[in-house]
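J.: Using only what follows, build the 3D model:
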Amino acid sequence: MNSPHASADAISDPAHQRLVQLMQRLVVQGVNRGASGNSSVRYGRGMLITPSALLPDALTPDTLVEVDMDGGYDNPLKPSSEWRIHRDIYAARPDINAIVHTHSTHAVTLACLRRDLPPFHYMIAMAGGRDIRCSGYATFGTEALSRTALTALEDRMACLLANHGLLACGRDLAQAETLAVEIEHLCEAYLKACSIGEPVLLSDADIDEVLARFDAYRRGQLD
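T.: Presented below is the predicted three-dimensional model:
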(Lines give C-alpha, C1' and ligand atoms only; values in the text may rest on other atoms or scores of the structure.)
Protein backbone atom coordinates (compact mmCIF):
# COMPACT_ATOMS: atom_id res chain seq x y z
CA MET A 1 0.00 0.00 0.00
CA ASN A 2 1.24 3.45 -0.78
CA SER A 3 1.51 5.68 2.28
CA PRO A 4 -0.72 8.77 2.34
CA HIS A 5 1.57 10.37 4.89
CA ALA A 6 2.87 13.79 3.84
CA SER A 7 1.69 13.31 0.26
CA ALA A 8 0.35 16.07 -1.97
CA ASP A 9 -2.43 13.69 -3.05
CA ALA A 10 -3.66 13.37 0.54
CA ILE A 11 -3.60 17.10 1.11
CA SER A 12 -5.71 17.79 -1.99
CA ASP A 13 -8.02 14.77 -1.72
CA PRO A 14 -11.61 15.71 -0.72
CA ALA A 15 -12.09 12.56 1.38
CA HIS A 16 -9.10 13.47 3.56
CA GLN A 17 -10.26 17.05 3.92
CA ARG A 18 -13.84 16.11 4.81
CA LEU A 19 -12.71 13.66 7.49
CA VAL A 20 -10.44 16.22 9.16
CA GLN A 21 -13.16 18.89 9.06
CA LEU A 22 -15.71 16.46 10.51
CA MET A 23 -13.57 15.60 13.52
CA GLN A 24 -12.93 19.26 14.22
CA ARG A 25 -16.64 20.13 13.92
CA LEU A 26 -17.60 17.40 16.40
CA VAL A 27 -15.39 19.04 19.03
CA VAL A 28 -16.83 22.49 18.33
CA GLN A 29 -20.35 21.03 18.70
CA GLY A 30 -19.41 19.40 22.01
CA VAL A 31 -20.02 15.90 20.64
CA ASN A 32 -16.42 14.81 21.21
CA ARG A 33 -13.74 16.01 23.59
CA GLY A 34 -9.99 15.71 23.31
CA ALA A 35 -8.85 12.70 21.30
CA SER A 36 -12.01 10.67 22.02
CA GLY A 37 -13.95 9.18 19.14
CA ASN A 38 -12.90 8.31 15.62
CA SER A 39 -14.30 8.34 12.10
CA SER A 40 -13.69 6.66 8.76
CA VAL A 41 -14.82 6.39 5.15
CA ARG A 42 -14.48 3.63 2.59
CA TYR A 43 -11.41 4.42 0.55
CA GLY A 44 -9.50 2.54 -2.14
CA ARG A 45 -9.21 -1.13 -1.20
CA GLY A 46 -10.14 -0.47 2.41
CA MET A 47 -10.81 2.62 4.45
CA LEU A 48 -9.44 5.97 5.49
CA ILE A 49 -9.52 6.40 9.27
CA THR A 50 -8.41 8.90 11.88
CA PRO A 51 -5.13 8.13 13.67
CA SER A 52 -4.72 6.97 17.24
CA ALA A 53 -4.40 9.50 20.10
CA LEU A 54 -4.14 12.65 17.98
CA LEU A 55 -6.16 15.71 18.99
CA PRO A 56 -8.55 17.00 16.32
CA ASP A 57 -6.74 20.36 16.20
CA ALA A 58 -3.59 18.47 15.19
CA LEU A 59 -5.30 16.51 12.41
CA THR A 60 -4.29 17.30 8.84
CA PRO A 61 -5.08 15.36 5.66
CA ASP A 62 -1.67 13.67 5.72
CA THR A 63 -2.18 12.35 9.29
CA LEU A 64 -5.10 10.14 8.26
CA VAL A 65 -4.33 6.45 7.85
CA GLU A 66 -5.33 4.29 4.91
CA VAL A 67 -6.01 0.74 6.13
CA ASP A 68 -6.69 -2.24 3.88
CA MET A 69 -9.29 -4.91 4.64
CA ASP A 70 -6.61 -7.14 6.15
CA GLY A 71 -5.69 -4.44 8.66
CA GLY A 72 -2.49 -3.48 6.88
CA TYR A 73 -1.28 0.10 6.67
CA ASP A 74 1.88 1.95 5.73
CA ASN A 75 2.07 5.13 7.77
CA PRO A 76 4.23 6.41 10.64
CA LEU A 77 1.01 7.04 12.57
CA LYS A 78 -1.11 4.16 13.83
CA PRO A 79 -4.79 3.98 12.92
CA SER A 80 -7.38 4.44 15.63
CA SER A 81 -7.41 1.63 18.17
CA GLU A 82 -10.99 1.02 16.98
CA TRP A 83 -9.95 0.38 13.36
CA ARG A 84 -11.20 -3.22 13.59
CA ILE A 85 -14.83 -2.32 14.26
CA HIS A 86 -14.81 0.06 11.29
CA ARG A 87 -13.25 -2.58 9.02
CA ASP A 88 -15.68 -5.27 10.16
CA ILE A 89 -18.74 -3.08 9.62
CA TYR A 90 -17.59 -2.23 6.08
CA ALA A 91 -17.00 -5.93 5.38
CA ALA A 92 -20.46 -6.93 6.60
CA ARG A 93 -22.52 -3.94 5.42
CA PRO A 94 -22.07 -2.86 1.78
CA ASP A 95 -24.72 -0.16 2.34
CA ILE A 96 -22.42 1.67 4.78
CA ASN A 97 -19.65 3.92 3.43
CA ALA A 98 -18.88 6.10 6.46
CA ILE A 99 -18.76 5.63 10.24
CA VAL A 100 -18.66 8.18 13.05
CA HIS A 101 -17.86 6.91 16.54
CA THR A 102 -18.35 9.33 19.42
CA HIS A 103 -18.08 9.43 23.19
CA SER A 104 -20.76 12.12 23.43
CA THR A 105 -21.99 12.71 26.98
CA HIS A 106 -25.64 11.70 26.77
CA ALA A 107 -25.08 8.74 24.45
CA VAL A 108 -22.38 7.48 26.83
CA THR A 109 -24.73 7.97 29.79
CA LEU A 110 -27.41 5.81 28.20
CA ALA A 111 -24.81 3.26 27.06
CA CYS A 112 -23.52 2.97 30.62
CA LEU A 113 -27.06 2.17 31.73
CA ARG A 114 -27.07 -0.46 28.96
CA ARG A 115 -30.44 0.76 27.77
CA ASP A 116 -31.80 0.92 24.24
CA LEU A 117 -33.08 4.29 23.07
CA PRO A 118 -36.81 3.59 22.58
CA PRO A 119 -39.28 5.29 20.21
CA PHE A 120 -40.11 8.23 22.47
CA HIS A 121 -39.62 10.60 19.50
CA TYR A 122 -40.23 10.03 15.81
CA MET A 123 -36.63 10.98 14.87
CA ILE A 124 -35.52 7.64 16.31
CA ALA A 125 -36.53 6.31 12.88
CA MET A 126 -33.56 8.14 11.33
CA ALA A 127 -31.49 5.13 12.36
CA GLY A 128 -33.71 2.81 10.32
CA GLY A 129 -36.02 1.19 12.87
CA ARG A 130 -38.22 1.61 15.92
CA ASP A 131 -35.36 1.90 18.40
CA ILE A 132 -31.61 2.37 18.70
CA ARG A 133 -30.19 -0.71 20.33
CA CYS A 134 -27.47 -0.88 22.93
CA SER A 135 -24.95 -3.62 22.21
CA GLY A 136 -23.53 -6.04 24.70
CA TYR A 137 -20.27 -5.07 26.36
CA ALA A 138 -16.87 -5.96 24.93
CA THR A 139 -13.38 -4.49 25.35
CA PHE A 140 -12.53 -1.67 22.95
CA GLY A 141 -10.60 -2.56 19.81
CA THR A 142 -11.46 -6.28 19.94
CA GLU A 143 -13.13 -8.68 17.55
CA ALA A 144 -15.72 -9.29 20.28
CA LEU A 145 -16.73 -5.63 20.12
CA SER A 146 -17.19 -5.90 16.36
CA ARG A 147 -19.45 -8.92 16.77
CA THR A 148 -21.70 -7.36 19.38
CA ALA A 149 -21.87 -4.08 17.45
CA LEU A 150 -22.88 -5.83 14.24
CA THR A 151 -25.68 -7.58 16.10
CA ALA A 152 -26.95 -4.26 17.47
CA LEU A 153 -26.66 -2.69 14.00
CA GLU A 154 -28.78 -5.33 12.28
CA ASP A 155 -31.30 -3.41 10.11
CA ARG A 156 -30.06 -0.18 11.70
CA MET A 157 -27.62 2.61 10.88
CA ALA A 158 -26.65 3.34 14.48
CA CYS A 159 -26.24 1.71 17.86
CA LEU A 160 -24.99 2.41 21.35
CA LEU A 161 -21.98 0.46 22.59
CA ALA A 162 -22.42 -0.69 26.19
CA ASN A 163 -20.27 1.31 28.65
CA HIS A 164 -18.57 2.95 25.70
CA GLY A 165 -20.29 5.29 23.24
CA LEU A 166 -22.14 5.65 19.95
CA LEU A 167 -21.71 4.33 16.42
CA ALA A 168 -23.46 6.22 13.62
CA CYS A 169 -23.19 5.03 10.02
CA GLY A 170 -24.21 6.41 6.66
CA ARG A 171 -24.04 6.11 2.90
CA ASP A 172 -21.58 9.02 3.15
CA LEU A 173 -19.80 11.03 5.83
CA ALA A 174 -22.41 13.79 5.90
CA GLN A 175 -25.20 11.32 6.67
CA ALA A 176 -23.16 9.60 9.40
CA GLU A 177 -22.31 12.95 11.00
CA THR A 178 -25.93 14.13 10.91
CA LEU A 179 -27.06 10.90 12.54
CA ALA A 180 -24.40 11.05 15.27
CA VAL A 181 -25.36 14.60 16.23
CA GLU A 182 -29.10 13.86 16.13
CA ILE A 183 -28.78 10.75 18.30
CA GLU A 184 -26.78 12.65 20.91
CA HIS A 185 -29.61 15.21 21.05
CA LEU A 186 -32.19 12.41 21.30
CA CYS A 187 -30.28 10.75 24.15
CA GLU A 188 -30.20 14.07 25.99
CA ALA A 189 -33.94 14.63 25.49
CA TYR A 190 -34.77 11.06 26.56
CA LEU A 191 -32.74 11.28 29.76
CA LYS A 192 -34.37 14.62 30.62
CA ALA A 193 -37.83 13.21 29.95
CA CYS A 194 -37.05 10.20 32.18
CA SER A 195 -36.01 12.56 34.98
CA ILE A 196 -39.56 13.99 35.01
CA GLY A 197 -41.64 10.91 34.29
CA GLU A 198 -42.11 7.96 31.98
CA PRO A 199 -41.94 8.99 28.31
CA VAL A 200 -44.88 7.91 26.17
CA LEU A 201 -43.59 5.65 23.41
CA LEU A 202 -44.75 5.62 19.82
CA SER A 203 -46.33 2.41 18.55
CA ASP A 204 -44.89 0.14 15.88
CA ALA A 205 -47.53 1.50 13.49
CA ASP A 206 -46.49 5.07 14.29
CA ILE A 207 -42.83 4.33 13.54
CA ASP A 208 -43.71 2.36 10.38
CA GLU A 209 -45.53 5.43 9.10
CA VAL A 210 -42.55 7.65 9.89
CA LEU A 211 -40.18 5.23 8.13
CA ALA A 212 -42.41 5.27 5.05
CA ARG A 213 -42.47 9.08 5.05
CA PHE A 214 -38.69 9.25 5.48
CA ASP A 215 -38.30 6.93 2.48
CA ALA A 216 -40.67 9.06 0.40
CA TYR A 217 -38.74 12.18 1.44
CA ARG A 218 -35.45 10.65 0.31
CA ARG A 219 -37.00 9.80 -3.07
CA GLY A 220 -38.51 13.27 -3.42
CA GLN A 221 -42.05 11.89 -3.26
CA LEU A 222 -43.27 13.32 0.04
CA ASP A 223 -46.53 15.26 -0.29
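
J.: Secondary structure element holding R213?
T.: Under the criterion of DSSP states H and E, R213 resides in helix 204-218.

J.: For whichever strand or helix holds V181, buried residues please.
T.: Per DSSP H and E: V181 is located in helix 173-196. Going by neighbour count (16 or more other C-beta atoms under 10 Å), the buried part of helix 173-196 is 173, 175-177, 179-184, 186-191. From N, CA and C alone the C-beta is placed, and that goes for glycine too.

J.: now it: mean pLDDT?
T.: Helix 173-196 shows a mean pLDDT of 98.

J.: and if you look at stretch 209-218?
T.: Mean predicted confidence for stretch 209-218 is 90.

J.: Could you tell me which residues within that stretch count as buried?
T.: Those buried within stretch 209-218 under the rule 16+ other C-beta under 10 Å are V210, L211, F214.

J.: So which of the buried residues of helix 173-196 is the closest to E198?
T.: E198 has its nearest neighbour among the buried residues of helix 173-196 in Y190, at 11.3 Å by C-beta to C-beta.

J.: Name the SS class of the closest residue to the closest one other than its chain neighbours, please.
T.: Among residues not flanking Y190 along the chain, F120 sits closest, at 5.6 Å (C-beta to C-beta, 6 or more residues apart in numbering). Here F120 is recorded as coil under DSSP: H, G, I helix; E, B strand; the rest coil.

J.: Same question for the one 3 residues further on.
T.: Here M123 is recorded as helix under three-state DSSP.

J.: my guess is it contacts L179, does it?
T.: No - if you go by C-beta atoms under 8 Å, M123 and L179 don't touch, sitting 9.9 Å apart.

J.: that older thread, specify which member of the buried residues of helix 173-196 is nearest to P199.
T.: Y190 (6.6 Å).

J.: quick one: the closest one from S52, how far?
T.: 32 Å (C-beta to C-beta, to the nearest Å).

J.: next one: D88
T.: From D88 to S52 the distance is 18 Å (C-beta to C-beta).

J.: what's the answer for Q21, then?
T.: Taken as C-beta to C-beta, the span from Q21 to S52 is 20 Å.

J.: Kindly report the same for P119.
T.: From P119 to S52 the distance is 36 Å (C-beta to C-beta).

J.: and the two? which has more neighbours close in?
T.: P119 (22 against 16; other C-beta atoms under 10 Å).

J.: which residues touch that one?
T.: Neighbouring residues of P119 by C-beta atoms under 8 Å, 6 or more residues apart in numbering: A125, R130, D131, L201, L202, D206, I207.
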